[in-house]
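Enquirer: output the structure for:
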Amino acid sequence: EKHNGARLIEVASRSASPPPSAHLPMAVNLKALYEARMARARYRTRAVKVSDTVAVTIAEKAGMGVGSQMWEAGQTLARYLCERDAERKGLWKGKEILELGSGVGITGVCAALLGARVTLSDKKSILPVLTETVKANQKSAAHPMKVIELEWGRSHHQSEEERKARGTSTASSTTASAAYDLIIGADILYVPKEAIADLAREIRARAPHERVEVIIAFRLRRWHEHEFFRLMAGYGFEWTRVQGPDATTKSNPSSSSAP
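Expert: Predicted structure coming up:
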């Protein structure tokens, strides 16, 4: 009985395995499959009313990560920019503005619709959806909007792509970042802990003097938001917490300036 039992197990084991010729390739390029699926997926566009006079058409695409969706901090910051513009009509007109971590671009595009010269930036994988938002709103903007790839902490001056977008020369690249009047970012603190130091360095490099204002809106989610402000204080920045325009949101803009 033991011998027969062992034989039955052995036979069952052999019959469960297909012949060698029937084996399928084990190497599968999951990244290529994902990219192909994303290429087939369609963008979803919708109009978002920011103020009585400003509406932004945004593009979104499922499956591209958190940056391909609109978050409430982006709306909060866009409304805050509109509020300040209403208080001082034309406040942003002609201003050079850099948006970090633009995502779908609602805040940067809003600034452009208020008359600013805006450069929107994010990592490479988010640029397609960001570009779609820019295309949908460009005709309503006073100046051409620029979209660039920007990895935080990897450059302390303008990249070649940014120089071309803004029309600055290579000779002036080490100081050209100072040409921005305002740096903005919505929910850019919602990142892994190790990225916080890169973000702080990026802002420090692009806001070298007190004439550059930095405004960010964020929801407190993780303890390392406090680490960001500790690092910025070490760089000599001072900041003021202001009440967000939405009474229903917990995403509060913070306005900072360089030393």
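
Enquirer: contacts and neighbour counts: CA atoms only from here.
Expert: Will do.

Enquirer: and the helices in the stretch 1-150 of the chain?
Expert: Per DSSP state H, counting those that start in this stretch, the stretch 1-150 of the chain has helices spanning 2-15, 30-40, 72-87, 106-113, 127-137. These are given in chain order.

Enquirer: now do the SS call for Ala233.
Expert: Each residue gets one of three states, and Ala233 gets helix by DSSP: H, G, I helix; E, B strand; the rest coil.

Enquirer: quick one: it from Gln138, how far?
Expert: Distance of Ala233 to Gln138, given as Cα to Cα, to the nearest Å: 37 Å.

Enquirer: any weak-confidence spans in the stretch 1-150 of the chain?
Expert: In the predicted model, the stretch 1-150 of the chain carries pLDDT under 70 at residues 1-28, 30-41, 63-68.

Enquirer: hey, where'd the strands end up in the protein?
Expert: Applying DSSP state E to the chain gives strands spanning 44-49, 55-60, 96-99, 117-122, 146-149, 182-186, 213-218, 238-241, 252-257.

Enquirer: could you export these as CSV, including mean neighbour count?
Expert: Shown next, in CSV, are those (neighbours: other Cα atoms under 10 Å):
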stretch, mean neighbour count
strand 44-49, 13
strand 55-60, 22
strand 96-99, 24
strand 117-122, 26
strand 146-149, 19
strand 182-186, 26
strand 213-218, 23
strand 238-241, 14
strand 252-257, 21
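
Enquirer: for Lys193, find the nearest of these.
Expert: With Cα to Cα as the criterion, Lys193 lies closest to strand 213-218 of these, at 15.2 Å.

Enquirer: what angle separates the closest one from strand 182-186?
Expert: Going by axes from the mean of the first three to the mean of the last three Cα atoms, to 10 degrees, strand 213-218 is angled at 0 degrees with respect to strand 182-186.

Enquirer: between helix 72-87 and strand 213-218, find me the angle.
Expert: 140 degrees.

Enquirer: strand 213-218 packs against which elements?
Expert: helix 72-87, strand 182-186, strand 252-257 (3 or more Cα pairs under 8 Å, 6 or more residues apart in numbering; DSSP states H and E).

Enquirer: what lines up beside it in the sheet?
Expert: Paired strands of strand 213-218, with direction, are strand 182-186 (parallel), strand 252-257 (antiparallel) (DSSP bridges).

Enquirer: the ones you listed: lowest mean pLDDT?
Expert: Of all these, mean pLDDT reaches its minimum on strand 252-257 (a mean of 55).

Enquirer: in CSV, list the helices and strands packed on strand 213-218 along with distance to Leu150.
Expert: Putting the helices and strands packed on strand 213-218 into CSV (distance: least, Cα to Cα, whole Å) gives the following:
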stretch, distance to Leu150
helix 72-87, 19
strand 182-186, 13
strand 252-257, 21
